[in-house]
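[1] give me coordinates for this.
(2 chains)
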Amino acid sequence: AQKITQTQPGMFVQEKEAVTLDCTYDTSDPSYGLFWYKQPSSGEMIFLIYQGSYDQQNATEGRYSLNFQKARKSANLVISASQLGDSAMYFCAMQYRSNFGNEKLTFGTGTRLTIIP
Amino acid sequence: DAGVIQSPRHEVTEMGQEVTLRCKPISGHNSLFWYRQTMMRGLELLIYFNNNVPIDDSGMPEDRFSAKMPNASFSTLKIQPSEPRDSAVYFCASSPLREGAGLAEAFFGQGTRLTVV
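    Got it, this is the predicted structure:
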């Protein structure tokens, strides 16, 4: 079964420090995609970064990078130089091909990140 | 582009009433998703449309839920009759096709917070 696991329900990090949010996944499909989304207290879901299963390089988007370790089936999000505005829920998601043949996007349970001044 | 637009933002209704949630996806996106978010179950995919056709409705909880996409710019999620356990935030998201294969990132609407009393 396809599954996304985020084992850190909450994290507290000092401002300006780097933070790593963990995500592991389980799939037997060789073709899949991994996404990270941010959900601030206002509730909207904001796309951060994407990694395809065949991508050779780790994805980066500004202060966000994805530490993709395919053999370990992990896709950790790294935020460098954290800011107060980074305080939010962070969701890892996996795109895979369902039994219906369509691309399906399933989410982990999220990690609540709090940046401390 | 204004992004994915959902209405209403908040809905309070009495048990047994019909509720209709509305979504306008981003123009040009050919995939549309309805998600439900609760504290207990996290983000759950309810139904997925591709080119206005329902592809995967395996996440729809029961017959009380129905979704339609009469054209590329509009979708509805209807609950009839509503129950207190349907209280949640309902998100609509749309996505274009990624070059090569698979989905690009899904862009989410602001969500509809539904409270059934």
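
[2] how about the helices in chain B?
    Counting by DSSP state H, chain B yields no residue ranges for helices.

[3] in it, where is pLDDT below threshold?
    For chain B, applying pLDDT under 70 flags the ranges B:1, B:98-103.

[4] can you name the residues of it that neighbour chain A?
    B:31, B:33, B:35, B:42-43, B:45, B:48, B:50, B:55-56, B:58, B:89, B:91, B:93, B:98, B:101-108, B:110-111, B:113 (CB under 8 Å from any CB of the partner chain). C-beta: built from backbone N, CA, C; applies to glycine.

[5] out of those residues, which are buried?
    B:31, B:33, B:35, B:42-43, B:45, B:48, B:50, B:55-56, B:89, B:91, B:93, B:102-108, B:110-111, B:113 (16 or more other CB atoms under 10 Å in any protein chain shown).

[6] contacts only, for the closest residue to residue B:44 other than its chain neighbours.
    Closest residue in space to residue B:44, ignoring its immediate chain neighbours: residue B:36 at 5.0 Å, by CB to CB, 6 or more residues apart in numbering or on different chains. By CB atoms under 8 Å, 6 or more residues apart in numbering or on different chains, the contact list for residue B:36 reads B:43-44, B:46, B:88-91.

[7] which two from those residues end up farthest apart in space?
    Largest separation among these by CB to CB: B:46 and B:89, giving 12.2 Å.

[8] can you pull up the bridge partners for the residue nearest to residue B:44?
    On the basis of DSSP bridges, residue B:36 is bridged to residue B:44, residue B:90.

[9] hang on, isn't residue A:6 packed against residue A:22?
    Yes - using CB atoms under 8 Å, residue A:6 makes contact with residue A:22 at a distance of 6.5 Å.

[10] joint contacts of these two?
    Jointly contacting residue A:6 and residue A:22 under the rule CB under 8 Å, 6+ apart are residue A:111.

[11] got the end-to-end distance for stretch B:26-34?
    14 Å (CA to CA, to the nearest Å).

[12] how about stretch A:64-73?
    Start-to-end, stretch A:64-73 (CA to CA) is 19 Å.

[13] could you pick out the residues of chain A near chain B for me?
    Proximity of chain A to chain B (CB under 8 Å from any CB) is limited to residues A:31, A:33, A:35, A:37, A:43-47, A:50, A:52, A:91, A:95, A:98, A:100, A:102-110.

[14] whichever of the residues you listed end up buried, select them in PyMOL.
    Restricted to buried positions by 16+ other CB under 10 Å, the PyMOL selection for those reads:
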select buried, chain A and resi 33+35+37+44+45+47+50+52+91+95+98+103+104+105+106+107+108+109+110
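
[15] out of the residues of chain A next to chain B, which are inside strands?
    A:33, A:35, A:37, A:46-47, A:50, A:52, A:91, A:95, A:103-107 (DSSP state E).

[16] and the residues you listed as TSV, adding distance to residue B:73 and pLDDT?
    As requested, these are arranged in TSV below (distance: CB to CB, whole Å; pLDDT from 0 to 100):
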residue	distance to residue B:73	pLDDT
A:33	26	90
A:35	25	94
A:37	24	96
A:46	23	94
A:47	21	92
A:50	25	92
A:52	29	89
A:91	27	97
A:95	24	86
A:103	21	72
A:104	23	78
A:105	21	84
A:106	26	87
A:107	26	92
